[in-house]
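> Build me a structure from this.
(one chain, ligands or ions: 1)
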Amino acid sequence: MSEIEKLLAPVVEEIKKGKHVTFFNGAGISTSAGIPDFRSPKTGLYDNLAKLNLPFAEAVFDIDYFRDSPEAFYTVAEELFPGNFLPTKYHFLIKLFQDKKQLRRVYTQNIDTLERISGVDEEHLIEAHGSFAKNHCIECSKEMPTEELKKHMLNKHINNGIPLCPSCKGYVKPDIVFFGEGLPEALFETWDKDQDEVEVAFVAGTSLSVYPFSSLPSELDHHCHRVLVNKEAVGSFKRKKDVVLLHDCDEVATTLCEMLGWSSDLEALLEEAKTQFAKKAQLAKKAQLAKKAQLAKKAQLAKKDDKDDEKEEGEEEQNKEGEEEEEVNTDTDKEDKRQAIVDSLEEAISKLDIKDRY
Ligand SMILES: [Zn+2]
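Okay, here's the model as predicted:
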């Protein structure tokens with residue numbers, strides 16, 4: 001029996017009796033999906049942002065800074081945007097608890113929406129720091145559908161890719177909670193209901209350093225079985241029933257599924273997600289190629305038109321036409337640059353893999 005199995009045994013017994021599980025998720029559960037952990041010093045997102053010359057590292061998620069310079073946020077938003085990452089085994093473990101009707105709630109600090117992507121229903125989900133699922137204008141609060149926001153983001157020709165509210169021209173931002181903004185009401189309302197009712201709690205991949213999320217596990221009733229899954233010991237897990245697993249989240253998910261007899265269910269969820277993910281990536285690639293071909297054709301036609309005009313209109317007009325042609329070329333250049341960004345994103349997606357990941 002492995003160390004993880006030994007430590008998990010009493011908890012597994014409770015789960016087998018039908019007890020419901022509540023999850024408390026931090027960035028650590030998403031690192032194996034390729035999403036950078038905001039606070040880990042070397043791979044941290046903030047370090048990658050150093051190039052942007054921010055006045056202070058957290059500025060990228062600061063609401064006052066965003067009002068003046070939304071570019072910083074929109075530079076990283078592209079990388080963070082949901083859809084570019086495949087959920088991890090740990091996320092699918094949570095989905096399995098939902099499928100088995102033994103999921104009470106998921107409290108997550110993560111804004112990557114991987115819980116949603118793995119199929120966890122909204123009724124079970126509290127995104128304590130908001131998410132990319134919805135977007136609003138910071139001035140008049142008008143909502144912008146995510147598809148529309150994405151279109152703006154990728155179209156660097158217009159306002160540098162920063163989405164503007166169609167009503168008031170204010171900046172639009174996804175509903176992730178920035179520094180300087182209040183946390184969602186739903187967090188407090190649901191916590192009031194859940195606090196004394198949680199039977200089994202899995203706290204994973206979090207440094208438990210961000211208040212108020214950090215205090216939730218300690219507010220749980222003493223009858224609750226609390227399990228900490230993290231690379232290092234954090235918080236105070238010294239109660240008699242507490243289990244501390246200083247291991248990788250995905251490793252724990254695998255072991256737990258084995259112990260519960262859920263391994264094939266977990267595999268099935270993973271396989272299905274990978275297939276869908278690959279299909280989506282393929283479709284996106286196809287659409288991009290089609291667009292590229294269309295643009296190339298357009299540019300060619302524009303050049304041909306210019307040449308025809310030249311023949312008809314003689315030398316006087318030539319200078320002006322030269323300018324027009326140059327304009328078309330500049331547009332093509334911009335499109336090439338945009339394409340390069342899209343390509344590198346795509347490469348990142350393909351690296352996420354698909355086969356060797358798990
Ligand atoms: Zn507005």
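> pLDDT score for the residue nearest to residue 232 when sequence neighbours are not counted?
Excluding the flanking residues, the one nearest residue 232 by Cβ to Cβ, 6 or more residues apart in numbering is residue 246, at 6.5 Å. From N, CA and C alone the C-beta is placed, and that goes for glycine too. For residue 246, the model assigns a pLDDT of 96.
> what's residue 246 in contact with, if anything?
230-233 (Cβ atoms under 8 Å, 6 or more residues apart in numbering).
> Can you tell me how far it is from residue 17?
With distances taken as Cβ to Cβ, to the nearest Å, residue 246 is found 26 Å from residue 17.
> can you check residue 136 too?
43 Å.
> More neighbours: which of the two?
When neighbours are counted by other Cβ atoms under 10 Å, residue 136 and residue 17 differ, and residue 136 comes out ahead with 16 against 8.
> helix, strand or coil for that one?
Here residue 136 is recorded as strand under DSSP: H, G, I helix; E, B strand; the rest coil.
> Tell me what it is bridged to.
Beta-bridge partners for residue 136, by DSSP bridges, are residue 143, residue 173.
> thinking it is in contact with residue 149, fair?
No: the criterion here is Cβ atoms under 8 Å, and residue 136 misses it with residue 149 at 10.0 Å.
> Residue 10: neighbouring residues, count only.
Residues near residue 10, counting by other Cβ under 10 Å: 11.
> rewinding a little: identify the contacts common to residue 136 and residue 149.
Common contacts of residue 136 and residue 149 (Cβ under 8 Å, 6+ apart): residue 172.
> Would you agree residue 34 is in contact with residue 87?
No: counting by Cβ under 8 Å, residue 34 does not reach residue 87; the two are 11.0 Å apart.
> Which of these two has more residues huddled nearby?
Legend: neighbour count by other Cβ under 10 Å for residue 34 and residue 87, higher for residue 87 (26 against 17).
> ok, now which ones touch the more buried one?
By Cβ under 8 Å, 6+ apart, the residues touching residue 87 are 33, 114-115, 117-118, 273.
> ditto for residue 175
With contact taken as Cβ under 8 Å, 6+ apart, residue 175 is in contact with 130-136.
> anything in the strand or helix carrying it near the ion?
Using DSSP states H and E, residue 175 maps to strand 172-176. No: using Cβ under 5 Å from the ion, strand 172-176 stays clear of the ion, with a minimum separation of 7.5 Å.
> Mind checking what secondary structure the residue positioned nearest the centre of the chain has?
Closest residue to the average C-alpha location of the chain: residue 112 at 2.1 Å, with Cα atoms, centre = their mean. Using three-state DSSP, the structure places residue 112 in coil.
> Distance check, it against residue 168.
From residue 112 across to residue 168, the span is 29 Å (Cβ to Cβ).
> how about low-confidence regions in this protein?
When residues are selected by pLDDT under 70, those of the chain lie in 36-50, 79-80, 82-83, 310-358.
> how about 50 then?
Along the chain, segments meeting pLDDT under 50 span 323-327, 345-346, 348-358.
> so is residue 106 in a helix, a strand, or just coil?
Counting by three-state DSSP, the backbone at residue 106 sits in strand.
> and residue 227, what element?
In this assignment (DSSP H and E), residue 227 forms part of strand 225-229.
> oh, I was asking about residue 277
Taking DSSP H and E as the definition, residue 277 sits inside helix 263-313.
> and that helix, what does it pack onto?
Applying 3 or more Cβ pairs under 8 Å, 6 or more residues apart in numbering; DSSP states H and E, one finds that helix 263-313 makes contact with helix 89-99, helix 249-260, helix 318-351.
> repeat that for 6 Å
Applying 3 or more Cβ pairs under 6 Å, 6 or more residues apart in numbering; DSSP states H and E, one finds that helix 263-313 makes contact with helix 89-99, helix 318-351.
> quick one: it to chain centroid distance?
Centroid separation for helix 263-313 versus its chain: 23 Å, with Cα atoms, centre = their mean, to the nearest Å.
> Identify the residues contacting residue 71.
For residue 71, the contact set (Cβ atoms under 6 Å, 6 or more residues apart in numbering) is empty.
> Quick check on the nearest residue to residue 187 once chain neighbours are set aside: phi, psi?
Nearest non-adjacent residue to residue 187, counting by Cβ to Cβ, 6+ apart: residue 128, 5.0 Å away. When quoted as degrees, to the nearest 10, the phi and psi of residue 128 stand at phi -60, psi -30.
> Could you check how many residues crowd around residue 128?
Each residue near residue 128 was counted by other Cβ under 10 Å, and the total is 24.
> Provide the secondary structure category for residue 211.
Classification of residue 211 using three-state DSSP returns coil.
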